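>>> 3D model of this:
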Amino acid sequence: MKSKVIIAMVVLTLLSAGVGSSCGGGGGGGLVDLVEMVPKESTAFVFWDVETLGTDFYTVWQEWKGEEADWLSDLGGIRAGEVEFFARAATPALGNVTIVTGDFILKDIEENLKDTGYDGDSYLGVPRLTKTEGGKEIAVALYNRSVVVGGKELVEKCIEVYKGKEGSYSLYKDPSIKGIVDRLPVGVMAGIEKNVVLYDDLAALGMSVEKKDENTLRVNAVYKFDVPGAAKDEDTLANIKDDLTTIDLTVMKGECFEPEAEAKGEFVEGTTSMYVDDFSYFDLAE
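Numbering: from 1, shown residues only. Purely as a prediction, here's the structure:
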């Protein structure tokens, strides 16, 4: 019996508390652009190509809309149909930041937020709005066709990355993350995680999901190892292949089939498959 696959959002209980063309890696596209918008200190990142969801996976798009549309509407009147890309990143001690990208009129969102009690100012020349909710100071920044939402300190770090402040670097500047993102094929979603205690000498991993045919999806996986030769370890390759049958990670969970894994230098590149009917949007975990 097939288990329902759940593409899971970041589940980090110790955290308080996400632009371009298509999703994929290969050095360009929406995934790269959004990874470049979050600070290097981020340890987990999940990306959804919402526009493609609406075209190719309408049921999953409806699930996304059911989870996210209400709070996006409250956030300055963002409509679900305007969203192209949607991402979240988790940063230790600072919580989660959400990035929503699309054809927005950012000035209208700014005015709507002010009408609902947000105070407006700017940080490094970028429009920013803040509001205290439940004892936490929430910030919203508006730039780069995007709405960036999270705790005030984390949003400031995102702005610092965007403005090129000295000493501020994006997650994409992490060599392990860049290597993974550049190798991940285009997909409707992608998840990246570093500091993972999974295999010996593993620095980080990434996965993306793409449509294989009308009934099947391909899950692509890239693992980056710190120590030369670690990627070629036979036990590690066997474990990766086995784990690609039953995936149980922060950024993805589910039953899959036909796993493959191959060492390529410091990386292991793998693939596995899942059924389209089992593809589901994550349940948002705060």
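>>> Partner strands of the helix or strand where residue 147 lies and their direction?
Per DSSP states H and E, residue 147 falls inside strand 146-151. When pairing is defined by DSSP bridges, strand 146-151 lines up against strand 95-102 (antiparallel), strand 136-143 (antiparallel).
>>> Could you pull out the strands in this protein for me?
Remark: strands assigned in the chain by DSSP state E are 44-49, 83-91, 95-102, 119-123, 126-133, 136-143, 146-151, 189-194, 202-211, 216-225, 246-248, 253-255, 257-264, 267-275.
>>> tell me the angle the last one makes with strand 257-264.
When axes from the mean of the first three to the mean of the last three C-alpha atoms, to 10 degrees is applied, the directions of strand 267-275 and strand 257-264 differ by 170 degrees.
>>> Can I get strand 267-275 in PDB? Just the C-alpha atoms.
Taking C-alpha atoms only, strand 267-275 is exported to PDB below (Å, rounded to 0.1, in the frame of the first residue of the first chain):
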ATOM      1  CA  PHE A 267      29.100  15.000  -4.300                       C
ATOM      2  CA  VAL A 268      26.600  12.200  -4.500                       C
ATOM      3  CA  GLU A 269      23.800  12.700  -7.000                       C
ATOM      4  CA  GLY A 270      20.700  10.500  -6.700                       C
ATOM      5  CA  THR A 271      17.200  10.100  -8.000                       C
ATOM      6  CA  THR A 272      14.100   8.300  -6.900                       C
ATOM      7  CA  SER A 273      10.400   8.400  -8.000                       C
ATOM      8  CA  MET A 274       7.100   9.000  -6.400                       C
ATOM      9  CA  TYR A 275       3.500   8.900  -7.700                       C
END
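>>> now it and strand 202-211, what's the angle there?
40 degrees.
>>> Quick one: residues in contact with strand 267-275.
Contact with strand 267-275 is made by 2, 5, 179-180, 183, 209, 212, 215-225, 231, 236-237, 240-241, 244-245, 247, 254-262, as judged by C-beta atoms under 8 Å, 6 or more residues apart in numbering. All C-beta atoms are positioned from the backbone trio N, CA, C, and that covers glycine.
>>> same thing but at 6 Å, please
With contact meaning C-beta atoms under 6 Å, 6 or more residues apart in numbering, strand 267-275 is reached by 5, 216-224, 231, 240, 244, 256-262.
>>> One more: the second one?
Applying C-beta under 6 Å, 6+ apart, the external contacts of strand 83-91 come out as 10, 12, 15, 18, 30, 34, 38, 41-48, 50-51, 96-102, 154.
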